[in-house]
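Engineer: Starting from these lines, generate the structure:
(one chain, ligands or ions: 2)
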Amino acid sequence: MIRRLTIFGVGLIGGSLALALRRAGTCEEVVGCSRSEDHLRQAVELGVIDRYSLDPAEAVAGADMVVLAVPLGAMGGVCAAIRDHLAPDAALTDVGSAKGSVVDAVREGFGELPHGFVPGHPIAGTERSGVAAAFPTLFQGRRVILTPLDTTDIGALAKVRTMWEETGAVVESMSVAHHDEILAATSHLPHLLAFGLVDSLARMGERDEIFRYAAGGFRDFTRIASSDPVMWRDICLSNREAILSVMAHYQEDLTMITEAVSRGDGERLLEIFQRAKAARDRFCE
Ligand SMILES: NC(=O)C1=CN([C@@H]2O[C@H](COP(=O)(O)OP(=O)(O)OC[C@H]3O[C@@H](n4cnc5c(N)ncnc54)[C@H](O)[C@@H]3O)[C@@H](O)[C@H]2O)C=CC1
Ligand SMILES: O=C(O)C(=O)Cc1ccc(O)cc1
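Structural biologist: Ligands and ions are numbered 1, 2, ... in the order given. Got it, this is the predicted structure:
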């Protein structure tokens, strides 16, 4: 049971977490903190949080669980603002899409890593942002990855794990580096490809004519290009090394496909497409 949960950044992810825990009856009180009073007021009206404060120190007072759900570029600033106010036995976690940069930001903001800190990442979301897009079943049956550190207290780890399980999520643990490599491949690369493709076509097309004739496949492939640009800029800057490595690999494979088309090599194309179809069909089972 969480007595007081403080969420920094009551948007899609922070708001959905609050809604899920309230629905599960796991939380006595949810306090929100963010930059925008309008958004926090909206969060109270929507029944996402009980109350809010614009002052990070006040928001964190008496909290036994603190969740950082702000964009990656804002994590360090929030930590610096709460470093002298977080209860020593509070659990602290985050939902950031890359983990190495958050660990660095928390270390810098606090001066050292707090024992209660458990880095985390729900592998669930949508292309929408803001508290109005939050919904309580977002994490149901989805994975949450925790990347506990050498400094992480096992009590805090258990508490964060239980919190996510209460939302219906399946919790797994791995190292920070492994997380950042895997997510570069399965999440960061596809988002970059979608943004890149839509931008390229938009600049190529005459007054959106090109989109008028796009079918469902285009819509499926590019949904994630409607995601928040600031959030994705932060992710790219936060996980550069792993993203560059997976992009280089992908560029080689794309060259291979380009060359097969250029040669008119149907056999090669069929081999690639059959392997891809089998892999995706397995993934979607
Ligand atoms: N959108 C998605 O599908 C997923 C996002 N994430 C991660 O979750 C985090 C939040 O993303 P979303 O909920 O999608 O964003 P969002 O835009 O819906 O919510 C972010 C919230 O943070 C607040 N905020 C921004 N800068 C702030 C600052 N300096 N101090 C305090 N509050 C600030 C905003 O007012 C907003 O309420 C990001 O770190 C992202 O990497 C993780 C999994 C999925
Ligand atoms: O919209 C989608 O399908 C996503 O892939 C959402 C998403 C975005 C960022 C994450 O770190 C995790 C999930």
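
Engineer: what's near enough to touch I235?
Structural biologist: By C-beta atoms under 8 Å, 6 or more residues apart in numbering, I235 lies in contact with 72, 97-98, 188, 191. Using the backbone N, CA and C atoms, a C-beta is placed for each residue, glycine as well.

Engineer: And P119, by the same measure?
Structural biologist: 93-94, 96, 99, 102-103, 106, 146-149, 176.

Engineer: and which of the contacts of I235 is nearest to P136?
Structural biologist: Each of the contacts of I235 was scored against P136 by C-beta to C-beta, and S97 proved nearest at 21.0 Å.

Engineer: Count the neighbours of that closest one for me.
Structural biologist: Residues within reach of S97, counting by other C-beta atoms under 10 Å, total 25.

Engineer: Alongside ligand 1, which residues does this structure contribute?
Structural biologist: Within the chain, the positions adjacent to ligand 1 are 8-14, 34-36, 39, 69-72, 74, 77-78, 95-97, 122, 125-126, 129-130, 228, 231, 235 by C-beta under 6 Å from any ligand atom.

Engineer: Among the residues you listed, which are located in strands?
Structural biologist: Counting by DSSP state E, those place 8, 122 in strands.

Engineer: which of the residues of the chain next to ligand 1 count as buried?
Structural biologist: 8-14, 34, 39, 69-72, 74, 78, 95-97, 122, 125-126, 129, 228, 231, 235 (16 or more other C-beta atoms under 10 Å).

Engineer: Am I right that V31 is in a strand?
Structural biologist: Yes. According to DSSP: H, G, I helix; E, B strand; the rest coil, V31 belongs to a strand.

Engineer: Would you mark the buried spots in the helix or strand containing M163?
Structural biologist: Secondary-structure assignment from DSSP states H and E places M163 in helix 154-166. Across helix 154-166, burial judged by 16+ other C-beta under 10 Å covers 156-157, 159-161, 163-164, 166.

Engineer: so which of these comes closest to ligand 2?
Structural biologist: Among the buried residues of helix 154-166, W164 lies closest to ligand 2 (C-beta to the nearest ligand atom), at 14.1 Å.

Engineer: rewinding a little: pLDDT and distance to R23 for the contacts of I235 - can I get that in JSON lines?
Structural biologist: As requested, these are exported to JSON lines (pLDDT from 0 to 100; distance: C-beta to C-beta, whole Å):
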{"residue": "L72", "pLDDT": "97", "distance to R23": "28"}
{"residue": "S97", "pLDDT": "98", "distance to R23": "24"}
{"residue": "A98", "pLDDT": "98", "distance to R23": "29"}
{"residue": "H188", "pLDDT": "98", "distance to R23": "31"}
{"residue": "H191", "pLDDT": "98", "distance to R23": "29"}
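
Engineer: Keep only those of these that are in helices.
Structural biologist: Judged by DSSP state H, helices contain the following of those: H191.

Engineer: and of the contacts of I235, the nearest to ligand 1?
Structural biologist: S97 (3.5 Å).

Engineer: Quick check: next helix or strand after the helix holding M163?
Structural biologist: Once the chain leaves helix 154-166, the next helix or strand it forms, by DSSP H and E, is strand 170-173.
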